[in-house]
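Participant: structure for this input, please:
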Amino acid sequence: MKTHYGTLLVADDHPAILTAVKICLRDTFEHIITLQTPDRILPTLQQEAVDVILLDMNFSLGVNSGQEGIIWLSAIHRRYPAIPIVLMTAYADVKLAVKSLKLGAADFITKPWDNDELLRAVKEAMENAHDVVSLAQLEEEHVKKVVGKCKGNMSKAAELLGITRQTLYKKYHPD
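Facilitator: Below you'll find the predicted structure:
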């Protein structure tokens, strides 16, 4: 039995790429939304529950710097930080890939892609997105761990954490 994932949004200015992605991933996703212009991404995300985005990095004719993809990556992440984004481009270089990943891209695919690699990238992006823990939860777990190591000595724990005891009492919520 095949596992079906939810909704994939694909943004690329080439209709042939959109068709190829649909053919490649139609057995994996329940719904694939395709857009030829990136300016439709944010309005689409307001109307549709999207699980992962596959985003081209170049939309303007003759432009291949990847900056458009970087701009759209940032714009999407500001409003929808939980949706993983896999970037794709035919003009890949290591610097661009590193910059994209530092800015929050889940993965980076080069065109033409290997179908198995494309499938792996979008599936892993979705699966890893569910592994994200909120900063508040992470902080609470860390505070509890430090207090435990200090055997309940709040003064020592506060000193190790670099905060006041009052701040520590506010952050520490015993079960």
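Participant: output the helix or strand hosting Val98 as CSV, nothing but the C-alphas.
Facilitator: Using DSSP states H and E, Val98 falls within helix 94-102. C-alpha atoms of helix 94-102 as CSV (Å, rounded to 0.1, in the frame of the first residue of the first chain):
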residue,chain,number,x,y,z
VAL,A,94,27.5,25.6,-4.0
LYS,A,95,27.3,29.1,-2.7
LEU,A,96,23.6,29.4,-3.7
ALA,A,97,22.7,26.1,-2.2
VAL,A,98,24.4,26.9,1.1
LYS,A,99,22.8,30.4,1.2
SER,A,100,19.4,28.8,0.6
LEU,A,101,19.8,26.2,3.3
LYS,A,102,21.0,28.9,5.8
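Participant: ok, then the element right after that helix?
Facilitator: strand 107-110.
Participant: contact partners for the residue nearest to Ala82 when sequence neighbours are not counted?
Facilitator: Once flanking residues are discounted, Ala82 sits nearest to Ala129: 6.4 Å by C-beta to C-beta, 6 or more residues apart in numbering. Quick note: C-beta positions are derived from backbone N, CA and C, even for glycine. Contacts for Ala129 (C-beta atoms under 8 Å, 6 or more residues apart in numbering) come out as 52, 82-84, 106.
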